[in-house]
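Peer 1: any chance you can model this:
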Amino acid sequence: MTQRAYKSGGSRLYAAVDHLDRAMNRLTDILAFVGMSALIGAIGIVVVDIVWRRIGGQSMVGAVDLTQFCVMAAASWAIPYAFNARAHVTVDLIGKNRLRILFNTIDRLIPLLCAGIMAFLLYLSWGRAMEQWDYGDVSQNLAIPMVLFWGFLLSGMAISTLVCLVHFLKTLLTNETI
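Peer 2: Next up, the predicted model:
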């Protein structure tokens, strides 16, 4: 039994949710690191393209495709990290102290609402990605299959949904709020 499970009265369910939470922390940290590395790669591609234009008088073939690919990875894989770090925007209302019970309930339901929204967006995006797959769409210069771009987005949304669900389970099992 883990120390955290012991603190929660020995609940195996809490230990399992805590284990999932730690796994999501590791996964989102890795994805954020890879995504930000891709963003650095995109910056490098743009810099090389600018230098190549000045020196060689031509643009680098595929620079736009590669930059878009890198930015898609960075943006899509930063979303789960933001959910996991609870870095979303919140607004404190004037009456929050007077209606504490109501706002605590709302705060506990926010991860479930976020999971629902991300799952719905995943569903819609999956359909569009499958259209891209069926049509065989590719990028303009390097002919990178567009479904690979969608793969970043779909994986980011799926992991975001899981992160939100784990946070919701954790708020149900503890007194912790967002």
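
Peer 1: which SSE is Ile43 in?
Peer 2: helix 12-56 (DSSP states H and E).

Peer 1: elements contacting that helix?
Peer 2: Applying 3 or more CB pairs under 8 Å, 6 or more residues apart in numbering; DSSP states H and E, one finds that helix 12-56 contacts helix 3-7, helix 63-84, helix 146-173. For the C-beta atoms, the positions are set from N, CA and C on the backbone; glycine is no exception.

Peer 1: of all those helices, which lies closest to Leu31?
Peer 2: Judged by CB to CB, the one of the helices and strands packed on helix 12-56 that comes nearest to Leu31 is helix 63-84, at 4.0 Å.

Peer 1: and the closest one, what does it pack against?
Peer 2: Checking 3+ CB pairs under 8 Å, 6+ apart, helix 63-84 ends up next to helix 12-56, helix 146-173.

Peer 1: quick one: closest of these to Tyr123.
Peer 2: helix 146-173 (9.2 Å).

Peer 1: for the closest one, buried residues please.
Peer 2: Applying a neighbour-count criterion of 16 or more other CB atoms under 10 Å, one finds 146-147, 149-150, 152-171, 173 buried in helix 146-173.

Peer 1: tilt between it and helix 12-56?
Peer 2: Per axes from the mean of the first three to the mean of the last three CA atoms, to 10 degrees, the angle that helix 146-173 makes with helix 12-56 is 150 degrees.

Peer 1: helices or strands up against helix 146-173?
Peer 2: Packed next to helix 146-173, using 3+ CB pairs under 8 Å, 6+ apart, are helix 12-56, helix 63-84, helix 100-135.

Peer 1: where does pLDDT dip in this protein?
Peer 2: 1-10, 92-97, 175-178 (pLDDT under 70).

Peer 1: if we use 80, what do you get?
Peer 2: Residues of the chain meeting the criterion pLDDT under 80: 1-10, 88-104, 175-178.

Peer 1: TSV please, covering the helices and strands packed on helix 12-56 and showing distance to Arg98.
Peer 2: Output for those, formatted as TSV (distance: least, CB to CB, whole Å):
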stretch	distance to Arg98
helix 3-7	32
helix 63-84	29
helix 146-173	22
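
Peer 1: among those helices, which comes closest to Asn25?
Peer 2: Here helix 63-84 is closest among the helices and strands packed on helix 12-56 (CB to CB), at 6.2 Å.

Peer 1: got the contact list for the closest one?
Peer 2: With CB atoms under 8 Å, 6 or more residues apart in numbering as the test, helix 63-84 has contacts from 24-25, 27-29, 31-32, 34-36, 38-39, 41-42, 45-46, 48-49, 87-88, 114, 118, 139-142, 144, 148-149, 152-153, 155-157, 159-160, 163-164, 167.
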